[in-house]
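J.: need coordinates for the below:
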Amino acid sequence: MTSIAWRRLSVVPAAILAGCHPTGPAVTPLPHVHYEVGAPWVANGVWHYPHQEFAYRETGLAVIDAPAQAPRLTADGELYDPMVMAGAHPTLQLPVMVSVRNMENGRTITIRLNDRGPANRGRLVSLTPQAAAALAIAHEPAQVEITELELPSRTYAETLPGGPLLDMQAAPVADVRQETLDSAGQRTAVPTASPSGGAGTTASSTPTALPALPVTVTQGWATPGSLWVEAGRFTERRYAALAATRAGGTVWHPSESNGPAWVVRVGPFTRAEDADAALDRALNDGLTGAQIIVE
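T.: As a prediction, the model looks like this:
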């Protein structure tokens, strides 16, 4: 065998070994906890529009986070941990503190919403396995009620980097300059200190973690309800009637309402599959704000 042929053969095992070389361990990203509202995002054809709100209360269906394939950060920069009391919400500012009540068994917990999701159509919140276990969720999806806790939620917004208060304090401010006339009538600049809070002022160092919430469960009455598709809210009844015709629903006039006075609903349903089908029809008909509620 020639030396050239031998060299060619010897390269083959080396190439095979190089191709089979195992990858190294997943790199853990560096946490950088911050306040986040975020841009609109889309999942499964549904657009979500994040916004800041401190009096949020809503019912809907909850799911459990899928297992993470690798270390990752949540939307507000925390290291995701399935064993903490946390969850994901499609539109609320992050982080935000809420109570979550399992309407099917009456158990209530407090969690921190710190991530975007769930991607599933018609689902209100995604819970970590720890939070789901505390609520004793026996099957998915589960009927839940979410109520925002205003004080701690405002504290996050006012103290975390990226929050509206810190952004305002860090806004650039023009330097102050004074001038006086000396004995010869010439202007003389008098140096003055720049106001605090200018562009050179930095907020406190970015935190890498927020305190973990305790697993605290309050037991109350179970209040399971029926599933409805809320196809939209309107300020005028005539527009609500048009939407009801398109969705095959009825027009409701809530006794208590802080927003639009006329609501279009389709239902009721006892199975999540039927509510999902009605939701898909409403979304396909152009009622982009349709969602599943429990009542």
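
J.: now do the buried residues in stretch 32-47.
T.: Buried residues in stretch 32-47, counted by 16 or more other C-beta atoms under 10 Å: 33-37, 41, 46. (Glycine included, C-beta is placed from N, CA and C.)

J.: can I get these in TSV with distance to residue 221 and secondary structure?
T.: As requested, the buried residues of stretch 32-47 are exported to TSV (distance: C-beta to C-beta, whole Å; DSSP: H, G, I helix; E, B strand; the rest coil):
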residue	distance to residue 221	secondary structure
33	36	coil
34	38	coil
35	36	coil
36	35	strand
37	35	coil
41	36	strand
46	33	strand
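
J.: select, from those, the two members most distant in space.
T.: Within the buried residues of stretch 32-47, 33 and 46 form the most distant pair, 27.9 Å apart (C-beta to C-beta).

J.: can you give me the helices for this structure?
T.: Applying DSSP state H to the chain gives helices spanning 3-19, 129-134, 150-159, 164-169, 237-247, 272-284.

J.: compare the ones you listed and say which comes out lowest on pLDDT.
T.: Note on the helices of the chain: lowest mean pLDDT is at helix 3-19, with a mean of 47.

J.: can I see the domain layout of the protein?
T.: Split into domains by automatic domain parsing, the chain comes to 27-168+208-222, 225-295.

J.: how far off centre is the last one?
T.: Meaning domain 225-295. Offset of domain 225-295 from its chain centre (C-alpha atoms, centre = their mean, to the nearest Å): 23 Å.

J.: please apply the same query to stretch 109-117.
T.: With C-alpha atoms, centre = their mean, you get 7 Å for stretch 109-117.

J.: the chain should start at 13 in everything you say after this.
T.: Renumbered: residue one is now 13, and that last one reads stretch 121-129.

J.: contact partners of that stretch?
T.: Stretch 121-129 has contacts (C-beta atoms under 8 Å, 6 or more residues apart in numbering) with 50, 53, 55, 60, 62, 77, 86-88, 90, 92, 96-102, 104, 106-112, 137-140, 143, 146-147, 161, 222, 225, 227-230.
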